[in-house]
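Enquirer: what shape does this take:
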Amino acid sequence: MGGVAPNLAGMRFGRLFVLSKAESDRRGNAAWFCRCDCGVEKRVLAQSLRSGSTVSCGCYNLELVSGRGRSLSAGGMRSYLTWDAMIQRCTNPRNKKWHRYGGRGIIIHEPWRSFDKFLADMGERPEGMTLDRINNDGNYEPTNCRWATPITQGNNRGNNRVVKVGNSEMTVSEASRLLGGNRSSVRYRLANGWSEHDAVSTPLNSRKKQHGLSK
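Expert: Numbers count the residues shown, from 1 in each chain. So this is what the prediction gives:
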C-alpha cells in the first residue's frame, strides 16, 4: 500500500497555483486543480507538477512558439526550471529551502521575476551547470550570478575553509582533490588534529597518519 499523497494545495509550480485536490486518473495517480497565471484553470497530475514537466496551462509554450518561432530548447527548459526553483526558494515560505534563501533575506532582482528578463541576462543554462551566487550572502541579480560547475559552486560555499598549499591558497575541497582523494580527505585530517601543513602535504597512502596515529 502506498503512502499518503503530499498535499500540494497552495503551492506554486511555474505558472500554476494549486487550488484543490482533483479526481485521480484511471491508474490512481493523484491530480490537482490548478490556476495558471493567465487565468485558465486545469487539472494536472501531481507527478507532472513535481517533475516540472507541466509548468503552465500550455500558454508558456505557445508564447515561446509565437515569440521565437520555435519550441523551448533543452537549454531553455533547464533555464526555466532553474528560474522557477529560484523564485520558489526566495518567495514561497512553504518551500523546503526557504529558510536558507527568502527566510534569511535573499531577494531576487525585480526584473528577474519575469523569466524572459532572466533568460536575456543569463542566457540558456549550459548542461551540467547550475545557477551560482558569487557572494553567498548576496541577492539573485546580474552582477552576482553565473552559471557554474558543481565543483565551482562547491568551492564557493561559505563554510568551505581555505588552506595554504605551498605559496598558494585553496579550499579544503581543492586541496583534497590535489592529493587524489575525495573532497573530505583534508577536512577529515584537520578534524582529527592534524596541522594544516601536514593535512595538505602528507600522501593519502600514509595510513597511520590518515587514522590519526603517530609513531
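
Enquirer: pLDDT value on Asp121, please?
Expert: On pLDDT, Asp121 comes in at 93.

Enquirer: is it true that it touches Ser114?
Expert: No. Contact criterion Cβ atoms under 8 Å: Asp121 and Ser114 do not qualify, at 10.5 Å. Heads up, the C-betas are built off the backbone N, CA and C, glycines and all.

Enquirer: so those two - more neighbours on which side?
Expert: More crowded of Asp121 and Ser114, by other Cβ atoms under 10 Å: Asp121, with 14 against 11.

Enquirer: I'd assumed that one was in a helix, is it?
Expert: Yes. Applying DSSP: H, G, I helix; E, B strand; the rest coil, one finds Asp121 inside a helix.

Enquirer: what about it, distance to Asn144?
Expert: According to Cβ to Cβ, to the nearest Å, Asp121 and Asn144 sit 11 Å apart.

Enquirer: what's the burial count for the residue lying closest to Phe13 once chain neighbours are set aside?
Expert: Spatial nearest neighbour of Phe13, excluding adjacent residues (Cβ to Cβ, 6 or more residues apart in numbering): Leu49 at 4.4 Å. Neighbourhood size, Leu49 [other Cβ under 10 Å]: 22.

Enquirer: quick one: residues contacting Leu49.
Expert: 8, 13, 16, 18, 32, 34 (Cβ atoms under 8 Å, 6 or more residues apart in numbering).
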